[in-house]
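> Structure for this input, please:
(4 chains)
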2 protein chains.
Amino acid sequence: MEKDHVDRILAQWRTERPDLDVEPMGLLGRLARLATYLGREVEKTFLELGLTSASFDVLAALRRSGAPYRLSPGDLLATMMITSGTMTNRVDQLEKAGLVARLTNPEDRRSVLIALKPEGFDLVERAVTAHVANQHRLTAFLDLDERAALDAILRKYLLAFE
Amino acid sequence: MEKDHVDRILAQWRTERPDLDVEPMGLLGRLARLATYLGREVEKTFLELGLTSASFDVLAALRRSGAPYRLSPGDLLATMMITSGTMTNRVDQLEKAGLVARLTNPEDRRSVLIALKPEGFDLVERAVTAHVANQHRLTAFLDLDERAALDAILRKYLLAFE
DNA sequence: TTGAAGTATCTCGATTTCAAGATAATATCA
DNA sequence: TGATATTATCTTGAAATCGAGATACTTCAA
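So this is what the prediction gives:
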């Protein structure tokens, strides 16, 4: 088995701290590093369209919610692992860019509806097409059976947290 | 198979954009979410010791490098996925906290040696012990064979990027 | 009806990170 | 030797995020 960056870290710990069983550090370290690499690759695709992963996430949540492409900040928050202050900032940016609009919610005036504007719709249509193509490229490093096995294990693991 | 958060996203896309094959989004979405959850759990352990993952990473790299526990910023950078400006900031914080010291490198005056002080050594000893125990807890959500399979696939996947 | 509790969003200040470029020292080689 | 390229670190300004708390509206119950 070819040694990777994480193997070298584990070997150092085993020399310096032989009292510790550092096995789990291998799995968790690889997961973290891989997520970072993949995240950067994903980001590149959005950058070409003038978006970021953060802004895409918001536009995508609106788009896939279906017509009339309107959700409250709270609805949007529920699908993302960010705070309400971060969502306010993201919507501010998208509003400034003319991609979404804040509408008053007639049914609850504490609330607000974030509406995808036609410009935002068109952009996210192109972005998601490019993004999915990029995701195909990024998962092609694994064979079909490896992807299936990985996905099944990740699903189980994720269930421990959600 | 129990439905998770990512399944709901995929179902929405399949309705709204049936032209797209969104399979890879499941795997990549789960990986990203899981990495975020795990990262937050890891962070908690460090917080109890007055550290962050960021500061621990630097102290840990120095500790596991072995005596005399000195590395240049460049050496440290090589093991972490951050920029040089970020490293300068991290070392500044650790220096201010009295955990490391910047020494001039007699062999190359462009360079600097970051030295682990006794206070930093003691702290990182306690931190890595707690961190590894926490990592055992966090990997125990999977069975032994699942951990082995996951680690093997992650290793292969990571090799595509390093 | 009214006061208290709950909910939805936004504000504020601090922190972390990055990209680009500045600074200073060393290496290369004509 | 001297000019140029390379290397190592730091500086700067901008951006994203967070936690805590403020604000405004709604719900509930007496």
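
> what about A:A152, which SS state?
In three-state terms, and counting by DSSP: H, G, I helix; E, B strand; the rest coil, A:A152 is helix.

> Distance check, it against DNA strand D.
28 Å (C-beta to the nearest atom of the strand, to the nearest Å). (Glycine included, C-beta is placed from N, CA and C.)

> Same question for A:K3.
Taken as C-beta to the nearest atom of the strand, the span from A:K3 to DNA strand D is 23 Å.

> now swap in A:Y157 and tell me
Distance from A:Y157 to DNA strand D, by C-beta to the nearest atom of the strand: 20 Å.

> Likewise for A:P68?
21 Å.

> for the helix or strand hosting A:R147, which positions count as buried?
For A:R147, the element it lies in under DSSP states H and E is helix A:144-159. Under the neighbour-count criterion of 16 or more other C-beta atoms under 10 Å in any protein chain shown, helix A:144-159 has A:146-147, A:149-158 buried.

> ok, now stretch A:59-75?
A:59-65, A:69-71, A:73.

> circling back to that earlier point, for B:R40, state which of the buried residues of helix A:144-159 is nearest.
Taking C-beta to C-beta as the measure, B:R40 lies nearest A:L158 of these, at 13.4 Å.

> Now do the contacts for the closest one.
B:4-6, B:30, B:33-34, B:37 (C-beta atoms under 8 Å, 6 or more residues apart in numbering or on different chains).

> can you redo those residues as a markdown table with secondary structure?
A markdown table is the format used below for the contacts of A:L158 (three-state DSSP):
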| residue | secondary structure |
| --- | --- |
| B:D4 | coil |
| B:H5 | helix |
| B:V6 | helix |
| B:R30 | helix |
| B:R33 | helix |
| B:L34 | helix |
| B:Y37 | helix |
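
> Quick check: the gap between A:W13 and DNA strand D.
Going from A:W13 to DNA strand D by C-beta to the nearest atom of the strand gives 23 Å.

> Nothing else from me, thank you.
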